[in-house]
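Undergrad: Pasted the sequence and its predicted model underneath.
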Amino acid sequence: MKAVTIPLLPCADIGEAVSFYEALGFRRTYGQVKPNPYAVVELGEIGIHLFGFDGFDPAESYGSTVILVDDPDTLYADFAAVSRHGLGSSS
């Protein structure tokens, strides 16, 4: 039996969350505003589903997901390089 698990992560602002993931190299593959804010971002085989949650405070959240990849060091280095240059920066 093949199984797929899809993480659903709450966020206060879908647009801000999508922009964050796009800065890391993800691509938005789905988005809706109504009836409920929802978006999907993907990077290779990694898919993350985001949903709007009024009043959500990430500092008070224990929500998380684990993504297993073959080469975590390279992925970390790629994400860290983006972070060092500023998320959303065009340079």
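TA: Yep, that arrived.
Undergrad: how far away is the residue positioned nearest the centre of the chain from M1?
TA: Centroid check for the chain by CA atoms, centre = their mean gives Y21 as the closest residue, at 4.7 Å. Distance of Y21 to M1, given as CB to CB, to the nearest Å: 30 Å. Every residue, glycine included, has its C-beta placed from N, CA and C.
Undergrad: for I67, same thing?
TA: As defined by CB to CB, I67 lies at a distance of 21 Å from M1.
Undergrad: Likewise for Y30?
TA: Counting by CB to CB - Y30 and M1 are separated by 26 Å.
Undergrad: what about the two, which has more around it?
TA: Each of Y30 and M1 has its neighbours counted (other CB atoms under 10 Å); Y30 has more, 12 against 2.
Undergrad: Can you spell out which residues form a bridge with the more buried one?
TA: With DSSP bridges as the criterion, Y30 is bridged to V40.
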